[in-house]
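Q: Generate a structure from the sequence data that follows.
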Amino acid sequence: MGSGSAANGGGGGGGAAARVPMPPAKPFLETLGGNMKETFLPDDPFRVVRRERGCGRRAAAALRYVFPFMEWAPAYTLGTLKSDLIAGITIASLAIPQGISYAKLANLPPVLGLYSSFVPPLVYAMMGSSRDLAVGTVAVASLLIGSMLSEEVSPVDDPALYLHVALTATFFAGVFQALLGIFRLGFIVDFLSHATIVGFMGGAATVVCLQQLKGMFGLEHFTTATDLVSVMRSVFSQTHLWRWESVVMGCGFLFFLLITRFFSKRRPRFFWISAAAPLTSVIIGSLLVYLTHAENHGIQVIGYLKKGLNPLSATSLNFSSPYMMLALKTGIITGVIALAEGIAVGRSFAMFKNYHIDGNKEMIAFGTMNIVGSLTSCYLTTGPFSRSAVNYNAGCKTAMSNVIMSVAVMITLLLLTPLFHYTPLVVLSAIIMSAMLGLIDYPAAIHLWQVDKVDFCVCLGAYLGVVFGSVEIGLVVAVGISIMRVLLFVARPRTTVLGNIPNTMIYRRMDQYTAAQRVPGVLVLRIDSPIYFTNASYLRERISRWIDDEEDQCKEKGEMGVQYIVLDMGAVGSIDTSGTSMLDELRKTLDRRGLQIVLANPGSEIMKKLDSSKVLEAIGHEWIFPTVGEAVAECDFVMHSQKPGMVMDSGTPHENMV
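A: Predicted structure coming up:
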């Protein structure tokens, strides 16, 4: 053993240098600060301020960081304004009917949908970092607000209280979103995986479509529950109240909207046809009702819409004890969903145009616009995909398109709201259904099934939870399955046997590389996870089972038994005290069985903790190697040098190894 160690130039005795050097010690506060920075400030947001010289320049850089419009506004040109003007007018034609529709979905006065498309986009234009995001209300958040608040406050019996609680929930959502961004806690949103969002959005879209059957059939009384069974029972128990006028009009406009969307997808340059279709439907539907007096024949209309800009609503926020917790719960849940959708949409379009958006900065922008919105009679807003896609296809260049959309909505609020008096509710139902059908992303679900069955189960669990339970149940199911999957990966990490690629010093997984070969007497195991208290016991038992299986195979083949256990620690990013104790217990167990444990490629944190816990000393510095190849070569050299009559050039043992 001594000659083998010497041959490698790094034995544990005689003051020889260690093969794997111990990292230099750092003060605890410096280490803690570094870890905190990597956790909460991985993007180093203050670098743009630090690199400037002089207080004035640094203050200007800080302002540009908080208000990104200061970066593009000085270089704004007439050509850019032309592009943004077209995009802003285009998304306004979509935002006006969608805003009215989604407000009805949230059981709020329709004019609040217009209010929410006026103030929040102005705030986002100053503070948001996305050039393509078009801000406004969204169907899923509207459904969440409507379903959660209606459980305790009736929007029909007490509409004023319902409105106040909805505005309070929006305020809490904004505060929560802003705090996530300020304290750099954006990683919390990452727990909503892609599979979770696909399933949740698909389920929510299905539920929203089912809820629109009320308007499509012209029903006045409808269940407040969102699950499939309750909705179907409510629909088919009132067959005698179905209005054929509503069915015909609703199906006709739904067909028109779907046809225009299909055409725009097949001919992307005609995107404006699909974008203008909702407003066109509102205009045509209103004219039909006005000319035929259809409101007297069972066609329900919006009715009076208050003219004027957003009234202040700071005094309308309700922080009284019976309703504060309801508003807080609703605000946090809807705030997270709105963040996940808005940031995902913003990042998608940023990737297309090859620029970067700061997730935490976006959270602050979303939070600020919802706080300001709650004080100006707006309910929850974010960046919906449909509106942002139209904005992107219309050729927007900057966030100025949001400002132009706000101006168009402002003109509507000041002058045009009386024109919506005869807008039929069935047309709004058709607009919502056509928008929601695009959120049911079945190709993504099929892709999940083909790629990862567990992700598909997460997606399916979210979908079924929303459709057959409620939106909250679906969200809890999806997040619960995702967290269980993470915990399962941590608690049951993968361990694999590595084999040698012939004529090389390379070791790869034997279940993947058929050419990889075992080294007689040496079992090489790779651990693909940090070692924590959650998986320490499992790893000890799993390693023992690998050893038992290897020895059984050796006995069956009549080969040399296992003498060395090489653990590839390259993927072990960290270890806690339970992990170090596990390695020490494993060493003692292997010692009793006459086996030697060998560590390969341990990281700096692993080395420091093993050294502090004396485990490194117990294993022996001579059995710590920088690579698996060197570790196996040393083991092989020691085994061969111990055989009588074996003659080797001890000066260059590795050149003679496997």
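Q: going forward, measure contacts between C-alpha atoms and count neighbours the same way
A: Will do.
Q: Residue 401 - nearest residue in space that isn't next to it in sequence?
A: Distance criterion C-alpha to C-alpha, 6 or more residues apart in numbering; nearest residue to residue 401, sequence neighbours excluded, is residue 88 at 4.3 Å.
Q: what mean pLDDT does the host helix or strand of the one you found have?
A: Element membership of residue 88, judged by DSSP states H and E, is helix 78-105. For helix 78-105, the mean per-residue pLDDT is 89.
Q: Summarise which helices and strands that helix is packed against.
A: Secondary-structure packing of helix 78-105 (3 or more C-alpha pairs under 8 Å, 6 or more residues apart in numbering; DSSP states H and E): helix 111-115, helix 139-150, helix 271-292, helix 385-393, helix 400-411, helix 425-437.
Q: buried residues in the first one?
A: Applying a neighbour-count criterion of 16 or more other C-alpha atoms under 10 Å, the buried positions in helix 111-115 are 111, 112, 113, 114, 115.
Q: how's the protein carved up into domains?
A: Following the TED database, one finds the domains of the chain at 45-72, 76-484, 492-638.
Q: and residue 221, what does it touch?
A: By C-alpha atoms under 8 Å, 6 or more residues apart in numbering, residue 221 lies in contact with residue 214.
Q: cool, and residue 312?
A: Residue 312 sits next to 375, 376, 377 when contact means C-alpha under 8 Å, 6+ apart.
Q: Could you grab the helix/strand/coil label for it?
A: Following DSSP: H, G, I helix; E, B strand; the rest coil, residue 312 is assigned to coil.
Q: pLDDT below threshold where in the protein?
A: 1-18, 37-45, 190-191, 642-658 (pLDDT under 70).
Q: For the stretch 201-350 of the chain, which segments count as helices?
A: 213-216, 228-236, 244-266, 271-292, 321-353 (DSSP state H, counting those that start in this stretch).
Q: So which of these is nearest residue 54?
A: Ranking the helices of the stretch 201-350 of the chain by proximity to residue 54 (C-alpha to C-alpha) places helix 321-353 first, at 32.1 Å.
Q: so which of the helices of the stretch 201-350 of the chain is the most packed in?
A: Mean neighbour count, computed with mean count of other C-alpha atoms under 10 Å, is highest for helix 213-216 among the helices of the stretch 201-350 of the chain, reaching a mean of 24.
Q: wait, doesn't residue 590 sit right on residue 584?
A: No. Using C-alpha atoms under 8 Å, residue 590 and residue 584 do not qualify as a contacting pair, with a distance of 9.9 Å.
Q: what's near enough to touch the spatially closest residue to residue 304 that is not a sequence neighbour?
A: Using C-alpha to C-alpha, 6+ apart and skipping residues adjacent in sequence, the residue nearest residue 304 is residue 421, 5.4 Å away. Neighbour list for residue 421: 286, 301, 302, 303, 304, 305 [criterion: C-alpha under 8 Å, 6+ apart].
Q: and the residues you listed, which are buried?
A: Among these, the ones that count as buried by 16+ other C-alpha under 10 Å are 286, 301, 302, 305.
Q: Include distance to residue 276 when you put the residues you listed into JSON lines, please.
A: Converted to JSON lines, the buried ones among the contacts of residue 421 look like this (distance: C-alpha to C-alpha, whole Å):
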{"residue": "286", "distance to residue 276": "15"}
{"residue": "301", "distance to residue 276": "21"}
{"residue": "302", "distance to residue 276": "20"}
{"residue": "305", "distance to residue 276": "22"}
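Q: so which of the domains of the chain comes closest to residue 20?
A: domain 492-638 (5.7 Å).
Q: Please measure how far the first residue of the closest one sits from its last one.
A: Taking C-alpha to C-alpha, to the nearest Å, the first and last residues of domain 492-638 lie 34 Å apart.
Q: ditto for stretch 508-527
A: This stretch, stretch 508-527, spans 13 Å end to end (C-alpha to C-alpha).
Q: what does stretch 120-128 contact?
A: Applying C-alpha under 8 Å, 6+ apart, the contact partners of stretch 120-128 are 66-70, 134-136, 361-362, 365-366, 368-370, 372-373, 378, 381, 399-400, 402-403, 405-406.
Q: check contacts around residue 295.
A: For residue 295, the contact set (C-alpha under 8 Å, 6+ apart) comprises 289, 301, 422.
Q: wait, residue 394 sits on residue 87?
A: Yes. Counting by C-alpha under 8 Å, residue 394 does reach residue 87; the two are 4.8 Å apart.
Q: When these two are compared, which one has more neighbours?
A: The neighbour count for residue 394 versus residue 87, taken as other C-alpha atoms under 10 Å, is higher for residue 87 (28 against 25).
Q: so who does that one touch?
A: Residue 87 makes contact with 390, 391, 392, 394, 395, 396, 401, according to C-alpha under 8 Å, 6+ apart.
Q: How about residue 114?
A: With C-alpha under 8 Å, 6+ apart as the criterion, the residues that contact residue 114 are 96, 99, 100, 409, 413.
Q: Make JSON lines from those residues and add neighbour count and distance to residue 189 to it.
A: Converted to JSON lines, the contacts of residue 114 look like this (neighbours: other C-alpha atoms under 10 Å; distance: C-alpha to C-alpha, whole Å):
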{"residue": "96", "neighbour count": "23", "distance to residue 189": "29"}
{"residue": "99", "neighbour count": "25", "distance to residue 189": "26"}
{"residue": "100", "neighbour count": "25", "distance to residue 189": "29"}
{"residue": "409", "neighbour count": "25", "distance to residue 189": "31"}
{"residue": "413", "neighbour count": "21", "distance to residue 189": "35"}
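Q: Let me know the closest of those to residue 526.
A: Proximity of the contacts of residue 114 to residue 526 (C-alpha to C-alpha) peaks at residue 99, which lies at 55.2 Å.
Q: Could you grab the helix/strand/coil label for the nearest residue to residue 624 once chain neighbours are set aside?
A: Once flanking residues are discounted, residue 624 sits nearest to residue 599: 4.9 Å by C-alpha to C-alpha, 6+ apart. Following three-state DSSP, we place residue 599 in the strand state.
Q: so what's residue 599 bridging to?
A: residue 567, residue 624 (DSSP bridges).
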